[in-house]
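Novice: Below is the sequence, then the predicted model.
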Amino acid sequence: MDSSYAAIALYAAGAAALAGLLPKAKARLDLSNAKHRSLEGHARMSRRLASFIPFYEYDEKSFFSADGAPDDIVARRRESFGRLADLYRARFAKSAEMTAEAAQGISDLQFTARYRVPFQFSRVVRENLKGGSFVQASRGVTVTDLDGNDFYDLTGSYGVNVFGYDFYKDCIATSAERVRDLGPVLGNLHPVVVDNVRRLKAISGLDEVSFHMSGTEAVMQAVRLARYHTRRSHLVRLCGAYHGWWGDVQPGIGNPVPADYTYTLSDMSEKTLHVLRTRRNIACVLVNPLQALHPNANAPGDSALVDGGRRAHFDRDAYAQWLRKLRQVCTERGIVLIFDEVFVGFRLARGGAQEYFGVKADMVTYGKTLGGGLPVGVVCGRADLMRRFRDDRPADICFARGTFNSHPYVMAAMDEFLTRLDGPELRGVYDGLDETWNRRAAALNARMNEAGLPVQVANLSTIWTVLYARPSRYNWMLQFYLRAHGLALSWVGSGRLIFSLNYTDADFAAVADRFTAAAAEMERDGWWWTPPSATNKSVKRAILKELIARRFASR
């Protein structure tokens, strides 16, 4: 009898333990299901995979035939590559020379040079197509390099350049005179700060403001405050979104340590909403509105352009509907909704993404263009979320400071920017903005189709990405043809083109002509030859075989 009671007690304890584990197991399964079915959605898996990928590179022979092209195509590519290399050496000599000199002491230049193209092709490209990273002047919608070459600027200075470089040069020059008497006095505030706060509160629709020196710092502070006031530990970032280079928002490749307090969940997913409704440890959700152009995908760059699989499409209504659902769930669960508008702020609308999509956030971060051309980061938020201390716990504080926060020259440039933003000229810039840029994108796509070129563009207003209709190993070559035809791109190549809002129809027509000429030349030179049976899947499969062979050969 005693043994029977013991067995019953044991079974009961086991059942109780199982009952306790089942909810946790279900919650863990729900979390796993809310991750996007890609490497971008699985941070730990992407880190592990990255550690297993071996380095290898193509020699000059295999460089031109990585896709198994026939001899006549290989010969055409080789001849055109030599011609392009000669053009680069002649046209960009001074810029390339200074870049090479500077790269010996600037690790950023070493990194961007190596990762402009897929790593197998990188060395040959670096040795032959040296364009340079220096420019000496800007005017209108163009920049001029050290050799005197003028380029139509499609870099947008990583999002800073919304209204044109001349606009920002005027902001900096005018504002510097206003604060010259004070100079770089730190700690105390220049009176222009009051104007900035007033305008930022009006633009954001929020109660309080804090100033920082970069967008990354602003996002760090917003997340820290959200955790402090909710007393919860975890942040949610949506798959593929960029929020700066600090650890908690880069849980995968690029971060040397795991981000243990971050959930990376699918964008535009009901499963994500379910996790937000059921988890109790979520302090905030970060949204980068730029992801509306390519939900659940990392920012596109040519270093990862190994085939023609890049995808992008913007549906304003669908993304606005998603944000409204997200807003509702965050309100219900007391989760802080943070819009990271460091990149898109003042580009989509005067009131930013909140105005553009018709959804109000609890906190908003700004940066880049807001500084009138100088570095800045800003957090705007509800009063209850912005407080750095607790009235009833004097030692319980949320500390954040920066030596150069509210620097007089930055604050004056910001005040100049916001003053002009209030003026009728800039207010008018936003009228019909989407229609203008959607029309321009459609016109360029029509030209590509008419010319039979395997290129299209997708856009979120003035932010564009180039898509490819062929599963080619050489789509990344287009960036070098575009440069040769006078179009300046950032180091990510054709992954992101950023236009300033001062592009006229005539300016854009010139860009479209050069873009079409560059693509046509690349087609004639044989880089877009593909085997009839080629697909993006078959290209990736071939690369995987190369990786496996190199991995085991190195042992």
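Specialist: Yes, it's here.
Novice: Could you list the buried residues of stretch 261-270?
Specialist: For stretch 261-270, burial by neighbour count (16 or more other Cβ atoms under 10 Å) applies to 261, 262, 263, 264, 265, 266, 267, 268, 269. The C-beta positions use only the backbone N, C-alpha and C, and glycine is treated the same way.
Novice: got it, and stretch 541-554?
Specialist: So for stretch 541-554, counting by 16+ other Cβ under 10 Å, buried means 542, 543.
Novice: Residue 224 and residue 400 touch, don't they?
Specialist: Yes. With contact defined as Cβ atoms under 8 Å, residue 224 reaches residue 400; the gap is 6.4 Å.
Novice: Turn the buried residues of stretch 261-270 into a markdown table, columns for secondary structure.
Specialist: Shown next, in a markdown table, are those (DSSP: H, G, I helix; E, B strand; the rest coil):
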| residue | secondary structure |
| --- | --- |
| 261 | coil |
| 262 | strand |
| 263 | strand |
| 264 | strand |
| 265 | strand |
| 266 | coil |
| 267 | coil |
| 268 | coil |
| 269 | coil |
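Novice: Quick check: the farthest pair among the residues you listed?
Specialist: Greatest spacing in those, by Cβ to Cβ: 261 and 268 (23.6 Å).
Novice: which of the residues in whatever helix or strand residue 136 lives in are buried?
Specialist: Assigned by DSSP states H and E, residue 136 falls within strand 135-139. Buried positions in strand 135-139, judged by neighbour count with 16+ other Cβ under 10 Å: 135, 138.
Novice: Can you spell out which helices and strands pack onto it?
Specialist: Using 3 or more Cβ pairs under 8 Å, 6 or more residues apart in numbering; DSSP states H and E, the elements in contact with strand 135-139 are strand 142-145, helix 165-178.
Novice: Can you tell me which of these is nearest to residue 549?
Specialist: Residue 549 sits nearest to strand 142-145 of all the helices and strands packed on strand 135-139, at 41.0 Å, using Cβ to Cβ.
Novice: I'd like to know which elements the closest one is packed against.
Specialist: Counting contacts by 3+ Cβ pairs under 8 Å, 6+ apart, strand 142-145 packs against strand 135-139, strand 150-153.
Novice: and it, which strands flank it?
Specialist: Note on strand 142-145: by DSSP bridges, its sheet partners are strand 135-139 (antiparallel), strand 150-153 (antiparallel).
Novice: As CSV, those with mean pLDDT would be great.
Specialist: Formatted as CSV, those follow (pLDDT from 0 to 100):
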stretch, mean pLDDT
strand 135-139, 97
strand 150-153, 98
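Novice: Tell me which of these sits nearest to residue 300.
Specialist: strand 150-153 (19.0 Å).
Novice: Okay, buried residues for the closest one please.
Specialist: Quick answer for strand 150-153 (16+ other Cβ under 10 Å): 151, 152, 153.
Novice: hang on, isn't the first one packed against residue 486?
Specialist: Pointing back at residue 151 there. Yes. If you go by Cβ under 8 Å, residue 151 and residue 486 touch, sitting 5.3 Å apart.
Novice: quick revisit: need the helices and strands packed on strand 142-145 in CSV (columns: distance to residue 533).
Specialist: Compiled in CSV, the helices and strands packed on strand 142-145 are given as follows (distance: least, Cβ to Cβ, whole Å):
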stretch, distance to residue 533
strand 135-139, 44
strand 150-153, 38
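Novice: for the stretch 101-250 of the chain, what spans make up the helices?
Specialist: Taking DSSP state H, counting those that start in this stretch as the criterion, the stretch 101-250 of the chain carries its helices at 107-114, 122-128, 165-178, 192-204, 215-230.
Novice: Nearest approach to residue 134 belongs to which of those helices?
Specialist: That would be, of these and by Cβ to Cβ, helix 107-114, which comes in at 10.0 Å.
Novice: Tell me where the protein is predicted with low confidence.
Specialist: Within the chain, the segments meeting pLDDT under 70 span 1-3, 5-7, 9-10, 12-21, 554-555.
Novice: Now with 80, please.
Specialist: Along the chain, segments meeting pLDDT under 80 span 1-24, 401-404, 553-555.
Novice: what's the offset of stretch 522-531 from the middle of its chain?
Specialist: Offset of stretch 522-531 from its chain centre (Cα atoms, centre = their mean, to the nearest Å): 30 Å.
Novice: Between the two ends of it, how far is it?
Specialist: 17 Å (Cα to Cα, to the nearest Å).
Novice: List the buried residues for that stretch?
Specialist: Using 16+ other Cβ under 10 Å as the test for burial, stretch 522-531 gives 522, 523, 525, 526, 527, 528, 529, 530.
Novice: sorry, back to before: and the helices and strands packed on strand 135-139 as a markdown table, adding mean neighbour count?
Specialist: Shown next, in a markdown table, are those (neighbours: other Cβ atoms under 10 Å):
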| stretch | mean neighbour count |
| --- | --- |
| strand 142-145 | 19 |
| helix 165-178 | 18 |
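Novice: so which of the ones you listed gets nearest residue 120?
Specialist: strand 142-145 (28.4 Å).
Novice: Can I get that closest one in PDB, CA atoms only?
Specialist: Extracted in PDB, the C-alpha atoms of strand 142-145 (Å, rounded to 0.1, in the frame of the first residue of the first chain):
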ATOM      1  CA  THR A 142      26.100  66.700 -57.900                       C
ATOM      2  CA  VAL A 143      29.400  66.000 -56.200                       C
ATOM      3  CA  THR A 144      32.900  66.500 -57.600                       C
ATOM      4  CA  ASP A 145      35.900  64.200 -56.900                       C
END
